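1. Okay, structure incoming, though there's no sequence with it:
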């Protein structure tokens, strides 16, 4: 019970109960509670107990069994059972093996990994040392993105301190096990979060995915058997060892055990990081933990899994958070980005935003991904510019499904998801854009019309702000906007202090 | 040489005595969020104020901490006092920090309107 209390102390010591009471902190157990740059703080908070236990009392087989029994699955997004990965790497006979931590967190709006490394870097060191012991590796690499300078600094300090205290290095804690690790910096390519591209990048090659099989567990980094896990997966390991596999598998639901960290972003009151037990519904996380939508706006959709995921609608809010249910609902668990979208957002525009990202991040190796996403983006741009043609939506669906099937890595396989899921759930918005040249939510610039209403007092503020001279009118008289000249920059709308300018999107026939 | 667990136990004792030396077990502990997100929200000047204003005070431990996940409420400052409920202040500015020191730390007056819910 003493141990159980330790991981639960978050809810007891934190003052703001509303946000934390539905959470359960395992991966983030020390984040926000200890000084990340002081190893003594970590040791005193029960740190390195798992590593010492493993080295004192457990064989590598015991460790693997424990991880397998816990039911832990990869937290990077795909959800492959971690224990099976460990087991298959351990089975390989080779004089050199590696453990790798994937800390190349590239999803827009996601920052779980950064928070773990900045708040509790020793958890990664300890987790990786345990993994290395289990599979028989002597060397570890953390692939960390260069855009996280503070995380790099803190992890570097943690590694050095751990080395000094003999938690890393030769004959760790008097045992016969030796292990050391280093940081490799990623230059900010999204595709390098894909495991085979990541290993290419560490090897100094161009960051492009390799074909699988052979899987990294057979032939990974420098063609050696490699155990590659995400930051959050590694951060779970020490708790599983200390509290036992049974404790871990008692949390969660179905085939998804334990917790998942989500980065709540977008139109939600409590933006931030929340670690919740699997099996909670989307509604609970958005309304109870996240505090709902601010400014009295209505919920429209939630995007899980970042640019690789899909948009889920209000009717799917009672979906439970676990790998299978989210996939069934048409999205993915992903690495934990959760972007809440309110009624003001245009779904076509949102899909375009995500596609712009994946299009620029495609490595170019597979033709369907390189060319196909570009064509999809062209069609989407055309639609949002009011030049959509009949058949465009069907073309998007056809292309999207083809790209998913014919791409080598996760980037291409998932890039069309935001488009396909928004077409599925918000088809009428696409049709409105294509057929009526109207953006109901008044977001797509080219489909907006600015008009001056009767509240105009003729102050001329808009006329002076217009960069193209499209506004005419005498002082103290109602002004007018020449639609043919207007470039829809919105300057007049922002300059008017009397709410005299209407921003609307009118269907073409009504014009 | 004992087992790794015995060695760790020894290290934990040493860690405890080192923590004692830096005042970790003081009656008042102040934690200031210093992750990238908190720093971006302005926690560095807040930290400086706490460190400067309280540098001659005994029995107070000031430490940085990682991100607790409350992006919209940062920078956050937590104050733990012996036998009292912990208090968490949100969106702390340098000016607020000075008031917190004067009222809460020195006079034991909790400023409820600046607390997180």
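-> Happy to help now that I have it. Note that the structure is a prediction, hence the values are computed from the model and not measured.

2. Quickly find the element holding the nearest residue to residue A:288 once chain neighbours are set aside.
-> Ranked by C-beta to C-beta, 6 or more residues apart in numbering or on different chains and with sequence neighbours excluded, the top spatial neighbour of residue A:288 is residue A:22, at 5.5 Å. (Glycine included, C-beta is placed from N, CA and C.) According to DSSP states H and E, residue A:22 maps onto no helix or strand at all.

3. what about the residue of the stretch 301-450 of chain A found nearest chain B, neighbour count?
-> Closest contact between the stretch 301-450 of chain A and chain B, by C-beta to the nearest C-beta, is at residue A:336 (11.9 Å). Neighbourhood size, residue A:336 [other C-beta atoms under 10 Å in any protein chain shown]: 27.

4. What is the three-state secondary structure of the closest residue to residue A:477 other than its chain neighbours?
-> In this structure, residue A:477 finds its nearest non-sequential neighbour in residue A:458, 4.6 Å apart by C-beta to C-beta, 6+ apart. Following DSSP: H, G, I helix; E, B strand; the rest coil, residue A:458 is assigned to coil.

5. about what we covered before: so what's the residue nearest to residue A:288 scoring on pLDDT?
-> Per-residue confidence at residue A:22 stands at 84 (pLDDT).

6. and if you look at the one 4 residues further on?
-> On pLDDT, residue A:26 comes in at 92.

7. repeat for residue B:78
-> The model reports residue B:78 with a pLDDT of 89.

8. quick one: it from residue B:64, how far?
-> 11 Å (C-beta to C-beta, to the nearest Å).

9. re the thing from before, residues near the residue nearest to residue A:288, how many?
-> By other C-beta under 10 Å, neighbour count at residue A:22 equals 16.

10. contacting residues for it?
-> Residue A:22 makes contacts with A:276, A:280, A:284, A:288-289, as judged by C-beta atoms under 8 Å, 6 or more residues apart in numbering or on different chains.

11. circling back: can you pull the residues that touch both of residue B:78 and residue B:64?
-> Taking C-beta under 8 Å, 6+ apart as the criterion, residue B:78 and residue B:64 both touch residue B:31.

12. okay, the two: which has more neighbours?
-> residue B:78 (22 against 18).

13. Can you classify the more buried one by secondary structure?
-> Relying on three-state DSSP, one would call residue B:78 strand.

14. now residue A:212
-> coil.

15. what pLDDT does the residue nearest to residue A:482 when sequence neighbours are not counted get?
-> Among residues not flanking residue A:482 along the chain, residue A:470 sits closest, at 4.8 Å (C-beta to C-beta, 6+ apart). If you check residue A:470, the pLDDT there is 95.

16. surely residue A:470 meets residue A:481?
-> Yes: with contact defined as C-beta atoms under 8 Å, residue A:470 and residue A:481 form a contacting pair (5.8 Å).

17. which residues sit in contact with the residue nearest to residue A:482?
-> A:481-483, A:485-487.

18. Any stretches of the stretch 351-500 of chain A with poor pLDDT?
-> Low-confidence segments of the stretch 351-500 of chain A, defined by pLDDT under 70: none present.

19. Quick check: the residue of chain A nearest chain B.
-> Counting by C-beta to the nearest C-beta, chain A gets nearest to chain B through residue A:119 (2.1 Å).

20. Next up, phi/psi of residue A:272, please.
-> phi 150, psi -160 (degrees, to the nearest 10).

21. do residue A:34 as well
-> Torsion angles, degrees, to the nearest 10, at residue A:34: phi -120, psi 170.

22. per-residue confidence at it?
-> 92.

23. now swap in the one 4 residues further on and tell me
-> The pLDDT attached to residue A:38 in the predicted structure is 96.
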